[in-house]
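Q: Here you go, sequence then predicted model.
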Amino acid sequence: MYLLDSRQQIPLQLLKPDETARNSHFRVYNFTGDITDQSDLLVPHRKDYYLLVFIRRAGGVRQWVDMMPYALKDNTIYFTRPNQIIVKEEFKQLWSTGVAFTKEFLLFQDNTLLNNLPLIQNSQNGYELLLTADDIPFIEDLLSKINDEYQKPGEWQHRMLAAYLGVLLTYLSRLSAAQFKENVTEDNLLLKRYQAKIEECFHELHEVGDYASLLHISAGHLSEVVKRQSGKPAIKHIHERLVLEARRLLFHTPGPLKEVAFKLGFTEASYFNRFFKRETGITPAEYRASIREMYH
(Lines give C-alpha, C1' and ligand atoms only; values in the text may rest on other atoms or scores of the structure.)
Protein backbone atom coordinates (compact mmCIF):
# COMPACT_ATOMS: atom_id res chain seq x y z
CA MET A 1 0.00 0.00 0.00
CA TYR A 2 1.34 3.42 -0.99
CA LEU A 3 0.53 7.02 -0.07
CA LEU A 4 1.94 10.03 -1.85
CA ASP A 5 4.12 12.02 0.49
CA SER A 6 2.95 15.56 -0.29
CA ARG A 7 6.19 17.06 1.01
CA GLN A 8 8.58 14.94 -1.02
CA GLN A 9 6.30 13.68 -3.83
CA ILE A 10 7.76 10.19 -3.48
CA PRO A 11 5.49 7.21 -2.81
CA LEU A 12 5.37 6.25 0.86
CA GLN A 13 4.87 2.53 1.46
CA LEU A 14 2.78 1.73 4.52
CA LEU A 15 3.07 -1.47 6.51
CA LYS A 16 0.19 -3.55 5.21
CA PRO A 17 -1.23 -6.25 7.51
CA ASP A 18 -1.34 -9.76 6.11
CA GLU A 19 -3.95 -12.47 6.66
CA THR A 20 -1.88 -14.23 9.33
CA ALA A 21 -1.58 -11.68 12.11
CA ARG A 22 -3.59 -8.68 10.84
CA ASN A 23 -1.09 -6.47 12.62
CA SER A 24 -0.53 -2.98 11.19
CA HIS A 25 2.65 -2.45 13.25
CA PHE A 26 4.54 -5.73 12.82
CA ARG A 27 4.90 -8.18 9.94
CA VAL A 28 7.09 -11.12 8.96
CA TYR A 29 8.04 -11.85 5.35
CA ASN A 30 9.44 -15.19 4.16
CA PHE A 31 10.75 -15.92 0.67
CA THR A 32 11.90 -19.38 -0.36
CA GLY A 33 12.60 -19.10 -4.07
CA ASP A 34 10.50 -17.45 -6.75
CA ILE A 35 9.00 -14.01 -6.07
CA THR A 36 5.61 -13.44 -7.64
CA ASP A 37 4.85 -9.86 -6.53
CA GLN A 38 7.39 -7.49 -8.05
CA SER A 39 5.15 -4.44 -8.34
CA ASP A 40 7.65 -2.15 -6.59
CA LEU A 41 10.65 -3.01 -8.74
CA LEU A 42 12.48 0.05 -10.09
CA VAL A 43 9.98 2.30 -8.28
CA PRO A 44 11.66 4.82 -5.96
CA HIS A 45 9.77 4.75 -2.68
CA ARG A 46 10.05 5.32 1.03
CA LYS A 47 8.78 3.07 3.79
CA ASP A 48 7.05 4.33 6.91
CA TYR A 49 8.55 1.46 8.93
CA TYR A 50 11.81 -0.27 9.82
CA LEU A 51 12.71 -3.34 7.78
CA LEU A 52 15.28 -5.91 8.85
CA VAL A 53 16.01 -8.68 6.33
CA PHE A 54 18.22 -11.73 6.71
CA ILE A 55 19.32 -12.75 3.20
CA ARG A 56 20.16 -16.42 3.01
CA ARG A 57 20.63 -16.46 -0.74
CA ALA A 58 20.00 -13.64 -3.21
CA GLY A 59 21.53 -14.55 -6.53
CA GLY A 60 23.57 -11.37 -6.96
CA VAL A 61 20.72 -8.85 -7.32
CA ARG A 62 21.10 -5.21 -6.34
CA GLN A 63 19.17 -2.70 -4.29
CA TRP A 64 19.69 1.04 -4.03
CA VAL A 65 19.39 2.90 -0.70
CA ASP A 66 19.67 6.68 -0.92
CA MET A 67 21.27 6.31 -4.35
CA MET A 68 23.96 3.93 -3.11
CA PRO A 69 23.97 0.50 -4.82
CA TYR A 70 24.32 -2.69 -2.78
CA ALA A 71 24.78 -6.12 -4.33
CA LEU A 72 22.92 -8.31 -1.87
CA LYS A 73 25.16 -10.90 -0.25
CA ASP A 74 24.34 -14.31 1.13
CA ASN A 75 24.05 -14.73 4.91
CA THR A 76 23.91 -10.98 5.51
CA ILE A 77 21.53 -8.68 7.38
CA TYR A 78 20.13 -5.60 5.63
CA PHE A 79 18.39 -2.89 7.61
CA THR A 80 16.51 0.24 6.51
CA ARG A 81 14.92 3.01 8.53
CA PRO A 82 11.73 4.96 7.77
CA ASN A 83 11.99 7.54 4.97
CA GLN A 84 15.10 6.25 3.26
CA ILE A 85 14.63 6.10 -0.51
CA ILE A 86 14.80 2.55 -1.82
CA VAL A 87 14.92 1.28 -5.40
CA LYS A 88 14.82 -2.47 -5.97
CA GLU A 89 16.25 -4.08 -9.05
CA GLU A 90 14.87 -7.37 -10.36
CA PHE A 91 14.50 -10.16 -7.80
CA LYS A 92 13.95 -13.42 -9.67
CA GLN A 93 14.60 -15.65 -6.68
CA LEU A 94 15.25 -14.86 -3.05
CA TRP A 95 15.66 -16.90 0.11
CA SER A 96 15.17 -14.60 3.08
CA THR A 97 13.21 -13.68 6.20
CA GLY A 98 12.21 -10.07 6.79
CA VAL A 99 10.84 -8.44 9.94
CA ALA A 100 9.02 -5.13 9.52
CA PHE A 101 7.93 -2.95 12.43
CA THR A 102 6.80 0.63 12.92
CA LYS A 103 8.01 3.39 15.22
CA GLU A 104 4.80 2.88 17.17
CA PHE A 105 5.67 -0.76 17.82
CA LEU A 106 8.87 0.36 19.54
CA LEU A 107 6.87 2.72 21.73
CA PHE A 108 4.33 0.13 22.88
CA GLN A 109 4.60 -1.21 26.41
CA ASP A 110 8.26 -1.47 27.50
CA ASN A 111 9.92 -1.07 24.11
CA THR A 112 10.99 2.58 24.45
CA LEU A 113 14.57 1.65 25.34
CA LEU A 114 14.93 -0.03 21.96
CA ASN A 115 14.89 3.41 20.34
CA ASN A 116 18.36 4.08 21.75
CA LEU A 117 19.99 0.96 20.35
CA PRO A 118 22.81 1.58 17.83
CA LEU A 119 20.98 -0.31 15.10
CA ILE A 120 17.88 1.87 15.45
CA GLN A 121 19.81 5.12 15.82
CA ASN A 122 22.15 4.08 12.98
CA SER A 123 24.30 7.18 13.25
CA GLN A 124 26.80 5.60 10.84
CA ASN A 125 24.11 5.13 8.16
CA GLY A 126 24.98 1.45 7.88
CA TYR A 127 22.68 -0.62 5.70
CA GLU A 128 24.59 -3.87 5.37
CA LEU A 129 25.54 -5.86 8.48
CA LEU A 130 28.08 -8.61 7.97
CA LEU A 131 27.71 -11.85 9.94
CA THR A 132 30.16 -14.50 11.06
CA ALA A 133 29.49 -18.24 10.96
CA ASP A 134 28.80 -18.10 14.71
CA ASP A 135 26.18 -15.36 14.33
CA ILE A 136 24.03 -17.19 11.80
CA PRO A 137 22.65 -20.03 14.01
CA PHE A 138 21.68 -17.55 16.74
CA ILE A 139 19.87 -15.29 14.26
CA GLU A 140 18.19 -18.23 12.55
CA ASP A 141 16.92 -19.47 15.92
CA LEU A 142 15.48 -16.06 16.83
CA LEU A 143 13.83 -15.66 13.45
CA SER A 144 12.33 -19.14 13.81
CA LYS A 145 10.86 -18.15 17.19
CA ILE A 146 9.48 -14.92 15.70
CA ASN A 147 7.96 -16.86 12.81
CA ASP A 148 6.33 -19.35 15.17
CA GLU A 149 4.90 -16.64 17.41
CA TYR A 150 3.67 -14.70 14.40
CA GLN A 151 1.39 -17.62 13.60
CA LYS A 152 -0.26 -17.47 17.06
CA PRO A 153 -2.52 -14.41 17.30
CA GLY A 154 -3.72 -13.74 20.82
CA GLU A 155 -3.34 -11.54 23.86
CA TRP A 156 0.27 -12.60 24.46
CA GLN A 157 1.47 -12.37 20.88
CA HIS A 158 2.53 -8.73 21.01
CA ARG A 159 4.57 -9.17 24.18
CA MET A 160 6.28 -12.26 22.82
CA LEU A 161 7.10 -10.63 19.48
CA ALA A 162 8.36 -7.52 21.27
CA ALA A 163 10.57 -9.66 23.52
CA TYR A 164 12.07 -11.62 20.63
CA LEU A 165 12.52 -8.46 18.57
CA GLY A 166 14.26 -6.81 21.51
CA VAL A 167 16.77 -9.64 21.75
CA LEU A 168 17.33 -9.61 17.99
CA LEU A 169 17.85 -5.85 17.82
CA THR A 170 20.13 -5.90 20.85
CA TYR A 171 22.25 -8.70 19.38
CA LEU A 172 22.49 -6.97 16.01
CA SER A 173 23.26 -3.65 17.71
CA ARG A 174 26.25 -5.27 19.37
CA LEU A 175 27.43 -6.44 15.95
CA SER A 176 26.71 -3.02 14.47
CA ALA A 177 28.64 -1.22 17.21
CA ALA A 178 31.63 -3.48 16.57
CA GLN A 179 31.41 -3.23 12.80
CA PHE A 180 31.04 0.55 12.78
CA LYS A 181 33.13 1.07 15.94
CA GLU A 182 30.68 3.17 17.89
CA ASN A 183 31.59 4.28 21.39
CA VAL A 184 28.58 4.81 23.66
CA THR A 185 29.35 7.72 25.98
CA GLU A 186 27.34 10.70 27.21
CA ASP A 187 28.85 12.84 24.48
CA ASN A 188 28.15 10.16 21.90
CA LEU A 189 24.53 9.97 23.03
CA LEU A 190 24.25 13.76 22.69
CA LEU A 191 25.56 13.47 19.13
CA LYS A 192 22.93 10.84 18.40
CA ARG A 193 20.17 12.97 19.90
CA TYR A 194 21.36 15.89 17.80
CA GLN A 195 21.33 13.74 14.66
CA ALA A 196 17.87 12.42 15.53
CA LYS A 197 16.55 15.96 15.94
CA ILE A 198 18.04 16.92 12.59
CA GLU A 199 16.24 13.96 11.03
CA GLU A 200 12.96 15.19 12.51
CA CYS A 201 13.31 18.90 11.80
CA PHE A 202 15.77 19.59 8.98
CA HIS A 203 13.01 20.78 6.65
CA GLU A 204 12.22 23.64 9.00
CA LEU A 205 15.32 24.25 11.16
CA HIS A 206 18.69 25.07 9.60
CA GLU A 207 20.63 26.61 12.50
CA VAL A 208 22.60 24.90 15.30
CA GLY A 209 21.02 27.22 17.87
CA ASP A 210 17.55 25.93 17.01
CA TYR A 211 18.62 22.37 17.81
CA ALA A 212 20.43 23.42 20.97
CA SER A 213 17.15 24.90 22.20
CA LEU A 214 15.32 21.65 21.45
CA LEU A 215 17.98 19.73 23.40
CA HIS A 216 17.95 22.28 26.29
CA ILE A 217 21.67 23.03 26.09
CA SER A 218 23.73 25.95 24.88
CA ALA A 219 24.70 26.20 21.23
CA GLY A 220 28.36 26.48 22.23
CA HIS A 221 28.30 23.24 24.23
CA LEU A 222 26.45 21.41 21.47
CA SER A 223 28.92 22.61 18.86
CA GLU A 224 31.88 21.60 20.99
CA VAL A 225 30.59 18.08 21.69
CA VAL A 226 29.47 17.43 18.11
CA LYS A 227 32.82 18.56 16.67
CA ARG A 228 34.74 16.43 19.18
CA GLN A 229 32.61 13.33 18.62
CA SER A 230 32.19 13.46 14.85
CA GLY A 231 35.14 15.48 13.66
CA LYS A 232 32.76 17.82 11.83
CA PRO A 233 31.23 21.16 12.85
CA ALA A 234 27.64 20.92 14.09
CA ILE A 235 26.36 23.00 11.19
CA LYS A 236 27.92 20.53 8.76
CA HIS A 237 25.55 17.79 9.98
CA ILE A 238 22.57 19.98 9.11
CA HIS A 239 24.00 20.89 5.74
CA GLU A 240 24.81 17.27 4.87
CA ARG A 241 21.27 16.20 5.70
CA LEU A 242 19.86 18.97 3.55
CA VAL A 243 22.16 18.03 0.68
CA LEU A 244 21.20 14.36 0.96
CA GLU A 245 17.50 15.24 0.80
CA ALA A 246 18.11 17.66 -2.04
CA ARG A 247 19.89 14.95 -4.01
CA ARG A 248 17.03 12.55 -3.36
CA LEU A 249 14.45 15.04 -4.59
CA LEU A 250 16.46 16.20 -7.58
CA PHE A 251 16.92 12.61 -8.73
CA HIS A 252 13.56 11.09 -7.87
CA THR A 253 11.07 13.94 -8.46
CA PRO A 254 10.42 15.96 -11.61
CA GLY A 255 9.35 19.21 -9.92
CA PRO A 256 11.00 22.56 -10.65
CA LEU A 257 13.96 23.64 -8.54
CA LYS A 258 11.92 26.22 -6.66
CA GLU A 259 9.64 23.43 -5.37
CA VAL A 260 12.65 21.45 -4.15
CA ALA A 261 13.94 24.59 -2.44
CA PHE A 262 10.58 25.21 -0.76
CA LYS A 263 10.28 21.61 0.47
CA LEU A 264 13.68 21.96 2.12
CA GLY A 265 12.74 25.15 3.94
CA PHE A 266 14.50 27.67 1.69
CA THR A 267 12.45 30.79 1.10
CA GLU A 268 14.25 31.63 -2.14
CA ALA A 269 15.36 29.31 -4.93
CA SER A 270 18.45 31.48 -5.45
CA TYR A 271 19.54 30.89 -1.85
CA PHE A 272 19.05 27.15 -2.29
CA ASN A 273 21.11 27.24 -5.52
CA ARG A 274 23.99 29.02 -3.77
CA PHE A 275 23.80 26.65 -0.80
CA PHE A 276 23.82 23.52 -2.96
CA LYS A 277 26.70 24.73 -5.15
CA ARG A 278 28.73 25.71 -2.09
CA GLU A 279 28.27 22.26 -0.57
CA THR A 280 28.65 20.13 -3.72
CA GLY A 281 30.55 22.22 -6.25
CA ILE A 282 27.72 22.16 -8.83
CA THR A 283 24.28 23.72 -9.13
CA PRO A 284 21.08 21.74 -8.49
CA ALA A 285 20.26 21.81 -12.20
CA GLU A 286 23.72 20.49 -13.10
CA TYR A 287 23.41 17.74 -10.50
CA ARG A 288 19.97 16.67 -11.75
CA ALA A 289 21.18 16.51 -15.34
CA SER A 290 24.36 14.60 -14.52
CA ILE A 291 22.79 12.06 -12.16
CA ARG A 292 19.94 11.22 -14.50
CA GLU A 293 22.33 10.82 -17.41
CA MET A 294 24.42 8.46 -15.28
CA TYR A 295 21.56 6.19 -14.18
CA HIS A 296 19.28 6.22 -17.22
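A: Yep, that arrived. Keep in mind it's a predicted model, so treat the numbers as computed, not measured. Numbering: from 1, shown residues only.

Q: ok, the residue positioned nearest the centre of the chain to Gln93 distance?
A: Central residue of the chain (Cα atoms, centre = their mean): Arg81, 2.4 Å from the mean position. Separation of Arg81 from Gln93 (Cβ to Cβ, to the nearest Å): 27 Å. To be clear about C-beta, it is placed using only N, CA and C from the backbone, and glycine gets the same treatment.

Q: Repeat that for Ile85.
A: Taking Cβ to Cβ, one finds Ile85 at 25 Å from Gln93.

Q: Which one's more surrounded, these two?
A: Legend: neighbour count by other Cβ atoms under 10 Å for Ile85 and Gln93, higher for Ile85 (22 against 13).

Q: Against Pro153, how distant is the residue nearest to the centre of the chain?
A: According to Cβ to Cβ, Arg81 and Pro153 sit 27 Å apart.

Q: just Lys277 next, same as before
A: Relative to Pro153, and taking Cβ to Cβ, Lys277 is found at 55 Å.

Q: in this protein, which spans are helices?
A: Taking DSSP state H to define them, one finds helices in the chain at 103-107, 118-121, 135-150, 157-180, 186-201, 208-215, 219-230, 234-252, 257-263, 269-280, 284-295.

Q: Between those helices, which one is closest to Asp74.
A: helix 135-150 (10.3 Å; Cβ to Cβ).

Q: on contacts alone, who are the packing partners of the closest one?
A: strand 26-34, strand 50-57, strand 93-101, helix 157-180 (3 or more Cβ pairs under 8 Å, 6 or more residues apart in numbering; DSSP states H and E).

Q: Distance to Phe262 for the ones you listed - can I get that in a markdown table?
A: Below are the helices and strands packed on helix 135-150 laid out as a markdown table (distance: least, Cβ to Cβ, whole Å):
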| stretch | distance to Phe262 |
| --- | --- |
| strand 26-34 | 35 |
| strand 50-57 | 29 |
| strand 93-101 | 32 |
| helix 157-180 | 35 |
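
Q: Quick one: the ones you listed as JSON lines, columns for distance to Pro254 and mean pLDDT too.
A: Below are these laid out as JSON lines (distance: least, Cβ to Cβ, whole Å; pLDDT from 0 to 100):
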{"stretch": "strand 26-34", "distance to Pro254": "31", "mean pLDDT": "87"}
{"stretch": "strand 50-57", "distance to Pro254": "27", "mean pLDDT": "93"}
{"stretch": "strand 93-101", "distance to Pro254": "29", "mean pLDDT": "91"}
{"stretch": "helix 157-180", "distance to Pro254": "35", "mean pLDDT": "89"}
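
Q: Of these, which is nearest Arg228?
A: So among those, helix 157-180 is nearest, using Cβ to Cβ, at 18.2 Å.

Q: So which elements touch that closest one?
A: If you count contacts as 3+ Cβ pairs under 8 Å, 6+ apart, helix 157-180 packs onto strand 26-34, strand 50-57, strand 93-101, helix 118-121, strand 128-130, helix 135-150.

Q: Quick one: residues contacting the nearest residue to Gln151 once chain neighbours are set aside.
A: Leaving out its chain neighbours, the residue that sits closest to Gln151 by Cβ to Cβ, 6 or more residues apart in numbering is Thr20, at 6.3 Å. Thr20 makes contacts with 28, 150-151, 153, as judged by Cβ atoms under 8 Å, 6 or more residues apart in numbering.

Q: What's the mean pLDDT across stretch 275-290?
A: Per-residue pLDDT over stretch 275-290 has a mean of 91.

Q: Ignore what I typed, I meant stretch 103-123.
A: Mean per-residue pLDDT for stretch 103-123: 69.

Q: now stretch 208-225, how far from the chain's geometric center?
A: Once both centres are worked out by Cα atoms, centre = their mean, to the nearest Å, stretch 208-225 turns out to sit 25 Å from its chain's centre.

Q: ok, and for stretch 203-219, which residues are buried?
A: 203, 205-206, 208, 211-212, 214-215, 219 (16 or more other Cβ atoms under 10 Å).

Q: ditto for stretch 75-82
A: Buried residues in stretch 75-82, counted by 16+ other Cβ under 10 Å: 75-81.

Q: Return the subset of the residues you listed lying in strands.
A: 76-80 (DSSP state E).

Q: Go through those residues and say which is closest to Leu169.
A: If you rank these by distance to Leu169 using Cβ to Cβ, Phe79 comes first, at 9.5 Å.

Q: Give the bridge partners for the residue nearest to the closest one when sequence neighbours are not counted, please.
A: Closest residue to Phe79 apart from its sequence neighbours, by Cβ to Cβ, 6+ apart: Leu52 at 5.0 Å. Leu52 has these beta-bridge partners by DSSP bridges: Phe79, Val99.
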